[in-house]
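# have a look at this prediction, sequence included:
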Amino acid sequence: MDIFLRYKFLLRIVALLLLLNLFCIGYLYSGKKGSDDNRPPKRPIEEATAILKEALQLTEKQAEDFKKIREDFFKKEEPLSNLIRAKRDSMNLEMFNENTDTSLVKEIAGRVADNEYKMELFRLEQSQQLKTICTHEQLKKFQDMVIDIRDYFQPQKNK
């Protein structure tokens, strides 16, 4: 093989490897668009509604109302949750800064606590709405299932 053929061959191999690397980087980058905090995804509302509909023997109207209440809660909860996470991140950065401003950390902690309080008020509002659509017997069953429901609505963990 003369020198020019080797040169062309090596250029083609380098170009192929470069394209392969770019493709792999693009593929890996596109796979991370779902969640930037590596948290597992939450369960779909429809799945939870179907399980509760069966367990509590909800009517179609009750199931639809339940779904609307949950969707409304998630619309309120998501931005507040993102804000809390951002405040905690900034608080952690400030806490481990070389020259920590403790008054700023305390102020951020207060904001986080205020937002957590708002989140709990959203949960209270949601529970009151759910109580209005259930019968007395369904509420009794619901009360017995509260811990199981809480665990169910936590994000799924990879096993």
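That came through, no problem.

# biggest helix in the protein by residues?
Secondary structure of the chain per DSSP state H: the longest helix is helix 60-95.

# for that helix, enumerate the helices and strands it packs against.
Other elements packing on helix 60-95 under the criterion 3 or more C-beta pairs under 8 Å, 6 or more residues apart in numbering; DSSP states H and E are helix 45-56, helix 102-133. To be clear about C-beta, it is placed using only N, CA and C from the backbone, and glycine gets the same treatment.

# among the ones you listed, which gets the worst mean confidence?
Lowest mean pLDDT of these: helix 45-56, a mean of 78.

# deepest-packed of the helices and strands packed on helix 60-95, please.
Across those, averaging neighbours per residue (mean count of other C-beta atoms under 10 Å) puts helix 45-56 on top, at a mean of 16.

# which residue is the nearest non-sequential neighbour of residue 104?
residue 94 (5.7 Å; C-beta to C-beta, 6 or more residues apart in numbering).

# does that neighbour touch residue 109 like I think?
No: using C-beta atoms under 8 Å, residue 94 is not in contact with residue 109, being 10.1 Å away.

# still on that earlier bit, residue 71: which of the helices and strands packed on helix 60-95 is closest?
The minimum distance between residue 71 and the helices and strands packed on helix 60-95 falls on helix 45-56, with 6.2 Å, by C-beta to C-beta.

# so what secondary structure elements neighbour that closest one?
So helix 45-56, by 3+ C-beta pairs under 8 Å, 6+ apart, packs with helix 60-95, helix 136-153.

# okay then, goodbye and thanks.
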